[in-house]
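[1] have a look at this prediction, sequence included:
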Amino acid sequence: MVNHLSVRKFVEFILASGDIDTTFRSQKRAVEGTFAHQTVQNRYQKKFGDEYETEVHLLFQKETPYYTLELEGRADGIFRFKDHLVVDEIKSIKGSLALVEEGRLTHWAQARVYATIIMIQEDLAEIGVQLTYYSMEEKKSKIFEESWKRDDLLAYFEDLLINYDQWATLQGKWLLKRNQAIHSLNFPFSAYRTGQREMAVAVYQTIQQKTNLFLQAPTGTGKTLSALFPAIKSLPNSNIEKIFYLTAKTPHKQIALTTLNLFLDFPLKRIELTAKEKICLNDVCQCEPEICPYAKGHFDRVKNCLWTMLEEESHYTRDVIHRYAKEYQVCPLELGFDLALFCDVIIGDYNYVYDPKVYLRRFFDTDHTPYLFLIDESHNLVDRLRSMYSVQINKQDILTLRRLVKPHHPKLAKALNRVNRVFLDLKNEDDPPYKPLDAPPDTMDRALRRLIEDLDPILAERNSPLQETLLDFYFQALDYLRIAEQHVDEGYLIYLYQQKKQCTLHLYCMDPAMKMRTLNQRAKSSIFFSATLSPFPYFKELLGGTEKDKTVSISSPFDTKNCFVGLQYGINLRYRYRDAAIPQLVALIGESIKKRPGNYMVFFPSYAYMHQVYDAFFNIYPKQRTILQESGWGEPEREVFLDAFEKAPEESLLGFCVLGGVFSEGIDLPENRLIGAILVGIGLPQISFQRDQIKSYFDKKHGDGFLYAYVIPGMNKVMQAGGRVIRTESDTGMIVLVGQRFSQAPAIDLVPDHWRHGQFYGETKPLLTDLEAFWESNK
C-alpha cells in the first residue's frame, strides 16, 4: 500500500485541532495568497540573488512492513548562505501583523518537515527554519526564525511519523487481513442466476484491463451483486484501493447496502455517505462553532471517535455514524468523510464524484486515484450531468436583491445595477422569447466579477442583516463564472430567455460527453450498468466512452411464458387526442385489473394527465381500491405508498404513478406484490426549447436528434417501469403498453428483447381475452 500525501495534508492530519468553521471565505483568497507568495519571493530574490531558491520540490519516502509513505511538497523558499541553510515557509494573512504573535503550529510543522527532508537529502548537521507572514493589507512581512540541530529535528519528525504510523499501520493490517480473506471469498449463493456469471466475468476483466464497461441486464437479474462481487475479488491484485458505488436515488443505495450485507461477516469496511441536510444532528444545519455544538471543538475529539470506530465497527451506516457522532460530540458529516478514507466500499450519490460544486476533493484533487466506480442505474447519469454542468442568472433576482441591499449596502446596489445593465443590453423587445448566443457574454463575466469583489468584504465581516441571502447569490455567481470560464464547450447551449419582465441567461449543457471523458479519468475503471442502457452508442457517447471500452448485454433469464405483454396501439395518445382518449384508457385499465386479483400500477407521462385519468376512473369504478402518487413526497410518504402493496391481497389495488418517478425504478416488490403494469405512452419528455436544441445539436452531429432528445429518454422510463413486474423466476405478471407510438419506429426498435413476444392490439377487447387466457394458464 502506497500512502501518497502532501506535506501539508500530513501535518494537518496529525495536528488538526479546534472547530469546524465553514463561515465565508473569500474566493479571492487563493489568488491573493499566490500574489503574496510571489511578492515575498521577489523581494527575497532581489535582496539575496542566487542565495535564494523558490518552489523547491521535495520528496520523502519510507518503507514499513504495512505501507510505503510518500511525502511530497514544495518549499516556498530556501536560503543557501555560505555557512548555513534556511527553509522559508510563506503564509499570507488578512489584517494586522501585530496580531501575529507566534507562528501557527501547523505552519511550523510544515516548514520543519520540509527542513527535515532537506537535512536528510543533503546530510546537514543543522538547519534554519523561517516563517514569513505577509499582510495583504499592510503590504509588509513579519518573520519568525528558529534553528535546529540534526538530532533534535529528526526526533521531532520521528514523533510525527510515529503519530501517523499508528493510523497507517492500522489501515495496513486491515488491508492485509481483507486481501487474505478475499482470496477465499466465494459467491454468496450456491449458484449464479442465468447471465449473472457472464456479468461478473465481464466486470472482473474490465477492472484488470483498466478500461470501462457498459453493461445492460434486465431487472431482477442480480446486477448489483454481479458488479460488487467481482469488484471486491479484484481488490488484492488490481491496484484498486477503493470501490465507489454511485447511485441516483435512495432506493438504489439501499439495494447496494442490502447486497453488501451478504458479506456481513467478511472483513470489508463500507460506508453510506449521506447528504448534509439528512445527517446533520443540530437543529440548524449550519457548520459554525457559535451555532453548532458538534462543530465546536470537533477536531479536538474526532480522532478518538475515528479510532474507536475503526477498531470496533466496519459497517458505517447513517445510524452508526449518528450514534458515535452524538457520543463524541463531533460533526457526523465530516466524521463520515474521514471514515471514507479508511473504507473499502463507499456508497453515495453521483454528485460525490461528478458534481463540480461538491465532489470529494480529498479523493480526486490528486493525481493518485486508485479507484473503481460502479455506476448503478447509469441511464440516469446523462440528465444528472446536464443539470450539474448547467447554470443560469435571472434578471428579476438581480432586481430583487438590489432592492433589498440598497438601504444597507449602496455600493453593492451599484454593482447589481451593472449586472442589470448587461441584461438590458442583451435583451430586445423584437427578439423571440428564446435567443441563442454564440458564447457567454464577456460583459456578464466582468459585471459578476466586480459584483463578487464588492460582496467579498461585506460577507467577510459577517454582520450584514442579509448575510444568508448575499451568500446564496455569491455562490450562484461563482457557479456561473466557473461554468462560463472552465466548462463551456461545443456541447453547450447559451441563450437568453425573455418573456415580459422575465429575463434569464442560461448556460445549458446539452452534451456532457467531453466532461465525462475527463471525469472518467478519476478512476482506473468505471462500470456503467442498468436494465436500460440501450442503444449502447447513445450511452457510450454521452458518458464519455472510448473505442476500447466494451459493451455487454445480458438476455433475460426469465421464461417469457410468465409475462403477458400487450401493445394496445388503437388508443391515440398524441397530445391533441389525449383528452378524447381518456374513456378508452379508463376502460382498458379497469377491465385489465379485473382478470386477476392483485396489485397493479399504471404509469402516466405527467402528473396532470394522471389526475385527469384518475378522476375519470373514479367516476366509473368508485369501489376500486386505488392509491395516488403525489409530487414532492419525502421518504416517509413513499414508504407508506409501497407498504400498501401487500402480498396476495383479496381485493386488487391500483397505484397511479408517473413515468420516471420514484416508483418507476429502483423499487422491489417481490413475491408477486406487483403483478401488473400499464404504461401510458412512451414517456416523451415535455417539448421544450432546450430539448428541441438538443435535437438540433444531435441532428447536426449524426442525424438522429429526435431519437437522442426525446425517444430514448422516454423509452428508458417505460422500460424501467415495466421492469418492476417480473423480478424472480417465480413471478408472473402482465405488462400493457398503450399508445400508437409503440407500434412505430423508432420506439418499436427500442422495445427490449424479453418483451418482443408480446402481441399488438388495435382494440381492447381481444387484448382482454388474451389476458384472461394468460391468467388461466398461470393459476
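    The structure has been received and is ready for your questions.

[2] list the buried residues for the helix or strand of the chain with the lowest mean pLDDT?
    Across the helices and strands of the chain, mean pLDDT, DSSP states H and E gives its lowest value to helix 28-48, namely a mean of 85. Residues of helix 28-48 classed as buried by neighbour count (16 or more other CB atoms under 10 Å): 33, 36-37, 39-41, 44. C-beta: built from backbone N, CA, C; applies to glycine.

[3] and the residues you listed, which is closest to F529?
    Closest approach to F529 among the buried residues of helix 28-48 (CB to CB): G33, at 43.1 Å.

[4] wait, what's in contact with the closest one?
    Listed by CB atoms under 8 Å, 6 or more residues apart in numbering, the contact set of G33 reads S92.

[5] i'd like the first residue to be 22 from this point on
    Sure thing, new numbering starts at 22, so read that last one as G54.

[6] gap between it and S205?
    51 Å (CB to CB, to the nearest Å).

[7] tell me which element D452 falls in.
    Using DSSP states H and E, D452 sits in no helix or strand.

[8] my guess is it contacts Q519, does it?
    Yes: in this structure, D452 is within contact of Q519 by CB atoms under 8 Å, at 6.6 Å.

[9] out of these two, which sits in the more crowded spot?
    Using other CB atoms under 10 Å as the criterion, D452 and Q519 rank with Q519 on top: 21 against 11.

[10] and the residue lying closest to the more buried one once chain neighbours are set aside, how many neighbours?
    Excluding its sequence neighbours, the residue lying closest to Q519 (CB to CB, 6 or more residues apart in numbering) is K448, at 4.9 Å. Neighbours of K448 under the rule other CB under 10 Å: 16.

[11] near T567, how many other residues are there?
    T567 has 10 nearby residues by other CB under 10 Å.

[12] now it, what's its secondary structure?
    At T567 the chain is in coil, as set by DSSP: H, G, I helix; E, B strand; the rest coil.

[13] local confidence estimate at it?
    With respect to pLDDT, T567 has a value of 95.

[14] wait, L728 touches D770, no?
    No: applying CB under 8 Å, one finds L728 not in contact with D770, separated by 9.3 Å.

[15] comparing those two, which residue is more hemmed in?
    Neighbours were counted for L728 and for D770 using other CB under 10 Å; L728 has more, 22 against 12.

[16] chain neighbours aside, what residue packs nearest to the more buried one?
    L728's closest residue in space is P767 (CB to CB, 6+ apart), at 5.4 Å.

[17] give the contact list for that neighbour.
    Contacts for P767 (CB under 8 Å, 6+ apart) come out as 727-728, 732.

[18] with M631 instead?
    Residues in contact with M631 (CB under 8 Å, 6+ apart) are 625, 649-650, 677-679.

[19] which of these are buried?
    Burial by neighbour count, judged by 16+ other CB under 10 Å, picks out 625, 650, 677-679 from those.

[20] give me the subset of the residues you listed lying in helices.
    Members of those lying in helices (criterion: DSSP state H): none.

[21] which pair in those has the greatest spatial separation?
    Within the buried ones among the contacts of M631, F625 and Q650 form the most distant pair, 9.4 Å apart (CB to CB).

[22] quickly list what's touching both of those two.
    The overlap between the contact sets of F625 and Q650 (CB under 8 Å, 6+ apart) consists of 631, 677-679.

[23] reformat these as JSON lines; add distance to R694 and pLDDT.
    Shown next, in JSON lines, are the shared contacts of F625 and Q650 (distance: CB to CB, whole Å; pLDDT from 0 to 100):
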{"residue": "M631", "distance to R694": "21", "pLDDT": "97"}
{"residue": "F677", "distance to R694": "17", "pLDDT": "98"}
{"residue": "C678", "distance to R694": "15", "pLDDT": "97"}
{"residue": "V679", "distance to R694": "20", "pLDDT": "97"}
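
[24] all helices for the stretch 372-521 of the chain, in order.
    Ranges of helices within the stretch 372-521 of the chain are 372-375, 382-385, 402-409, 416-426, 431-447, 463-482, 488-503, based on DSSP state H, counting those that start in this stretch.

[25] just the buried residues of the third one, please?
    This means helix 402-409. Those would be 402-407, 409, for helix 402-409 by 16+ other CB under 10 Å.

[26] next, I648: secondary structure please.
    Per three-state DSSP, the local secondary structure of I648 is strand.

[27] quick one, what contacts it?
    662, 665, 674-677.

[28] got a ChimeraX select line for the buried ones in those?
    A single ChimeraX command selects the buried members of the contacts of I648 (16+ other CB under 10 Å):
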select :662,674,675,676,677
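
[29] quick one: which of the contacts of I648 sit in strands?
    Counted as lying in strands by DSSP state E, out of the contacts of I648, are 674-677.

[30] which one of these sits closest to D180?
    Comparing these against D180 with CB to CB places G676 closest, at 63.6 Å.

[31] list the contacts for that closest one?
    Neighbours of G676 in contact, by CB under 8 Å, 6+ apart: 620-623, 647-650, 662, 665-666, 684.

[32] if we can go back for a sec, isn't the residue nearest to Q519 up against L517?
    Yes: under the criterion of CB under 8 Å, K448 is in contact with L517, at a separation of 6.4 Å.

[33] and stretch 453-465, how far apart are its ends?
    The straight-line separation of the ends of stretch 453-465 (CA to CA, to the nearest Å) is 21 Å.

[34] neighbours of I769, how many?
    By other CB under 10 Å, neighbour count at I769 equals 16.

[35] tell me the pLDDT at it?
    On pLDDT, I769 comes in at 94.

[36] which SS class is it?
    helix.

[37] so it touches G760, yeah?
    No: if you go by CB under 8 Å, I769 and G760 don't touch, sitting 11.4 Å apart.

[38] select the longest helix from the protein.
    When the chain is scanned for its longest helix (criterion: DSSP H), the result is helix 171-204.

[39] tell me what it is packed against?
    Judged by 3 or more CB pairs under 8 Å, 6 or more residues apart in numbering; DSSP states H and E, the packing partners of helix 171-204 are helix 28-36, strand 89-101, helix 126-143, strand 147-156, helix 319-333.

[40] please work out the average pLDDT along the helix or strand following that helix.
    Counting by DSSP H and E, the next helix or strand C-terminal to helix 171-204 is helix 217-230. For helix 217-230, mean pLDDT rounds to 97.

[41] show me what the next helix or strand after helix 217-230 pairs with in its sheet, parallel or antiparallel.
    As assigned by DSSP H and E, the chain's next helix or strand after helix 217-230 is strand 233-237. In the sheet, strand 233-237 lines up against strand 546-551 (parallel), strand 571-574 (parallel) (DSSP bridges).

[42] quick one, which of those strands is packed in tightest?
    With neighbours taken as mean count of other CB atoms under 10 Å, the strands paired with strand 233-237 reach their highest mean count in strand 546-551, at a mean of 26.

[43] hmm, who's touching that one?
    Applying CB under 8 Å, 6+ apart, the contact partners of strand 546-551 are 220, 224, 227-228, 230-238, 244, 248, 252, 261, 393-400, 402, 541, 560, 564.

[44] buried subset of these as a ChimeraX selection?
    Buried subset of the contacts of strand 546-551, written as a ChimeraX selection, criterion 16+ other CB under 10 Å:
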select :220,224,227,228,232,233,234,235,236,237,238,244,248,252,261,393,394,395,396,397,398,399,400,402,541,560,564
